[in-house]
Structure formats: C-alpha cells, structure tokens
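> generate a structure from the sequence data that follows.
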Amino acid sequence: MKLKIPTIDIKKYGGKEVAILNGKVIFAGKSLPDVIKILKKKMPAQPLREVTFLRVPESLMVIYHV
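This is a model prediction of the structure:
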C-alpha cells in the first residue's frame with residue numbers, strides 16, 4: 001500500500017500533530033494522545049493502523065546535505 005501524504009499547510013497546522021487518512025488531514029491537535037482521542041470519539045470503527053500520524057514543523061525547514 002502506497003502512503004498518500006497531502007501537502008500540509010504549515011500556517012494552519014504548524015506545531016501540531018495531524019491524522020491523515022486517504023490522503024487528507026482528518027484531525028489535528030496539540031499532542032498525539034489528543035488526536036487519537038478525537039479520532040476514537042468521532043470515528044470509533046476506524047482502525048488506527050490505517051491512519052498516518054505526523055508532527056508538522058512550526059516553520060518551513062531546509063535541510064542541506066554537503
């Protein structure tokens with residue numbers, strides 16, 4: 001299964017944890033436990049193994065490889 005990660009708006013989600021399902025951000029929160037709690041409450045039948053959880057950086061980062 002290929003992982004679909006959408007383009008994430010740093011201004012909207014910067015510094016937050018996000019839950020991604022089918023290539024879309026479905027929930028966001030300040031911490032991973034908060035996001036999981038929201039997910040279990042609003043989508044109780046959704047298996048967690050099908051959801052991707054990411055932490056969005058607070059600002060745009062550039063990594064240089066020399």
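> hey, C-alpha coordinates of whichever strand or helix holds residue 28 in CSV?
Assessed by DSSP states H and E, residue 28 sits inside strand 24-29. This file holds the C-alpha atoms of strand 24-29, laid out as CSV (Å, rounded to 0.1, in the frame of the first residue of the first chain):
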residue,chain,number,x,y,z
LYS,A,24,-6.4,14.0,3.6
VAL,A,25,-5.8,15.6,7.0
ILE,A,26,-8.8,14.5,9.1
PHE,A,27,-7.9,15.7,12.6
ALA,A,28,-5.3,17.9,14.2
GLY,A,29,-4.3,18.6,17.8
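> partners of that strand in the sheet?
Counting by DSSP bridges, the strands paired with strand 24-29 are strand 17-21 (antiparallel).
> any idea how far residue 56 is from residue 45?
26 Å (C-beta to C-beta, to the nearest Å). Any C-beta I mention is one placed from the backbone N, CA and C, and that applies to glycine too.
> specify the beta-bridge partners of residue 18.
Beta-bridge partners of residue 18, as defined by DSSP bridges: residue 28, residue 54.
> what about it, neighbour count?
Neighbour count of residue 18, defined by other C-beta atoms under 10 Å: 21.
> may I see the buried residues of the strand holding residue 28?
25, 26, 27, 28, 29 (16 or more other C-beta atoms under 10 Å).
> ok, now stretch 42-61?
Buried-residue list, stretch 42-61, by 16+ other C-beta under 10 Å: 51, 54, 56.
> in this structure, which helix is the longest?
Counting by DSSP state H, the longest helix found in the chain is helix 32-42.
> run the angle between that helix and strand 17-21 for me.
Calculated by axes from the mean of the first three to the mean of the last three C-alpha atoms, to 10 degrees, helix 32-42 forms an angle of 40 degrees with strand 17-21.
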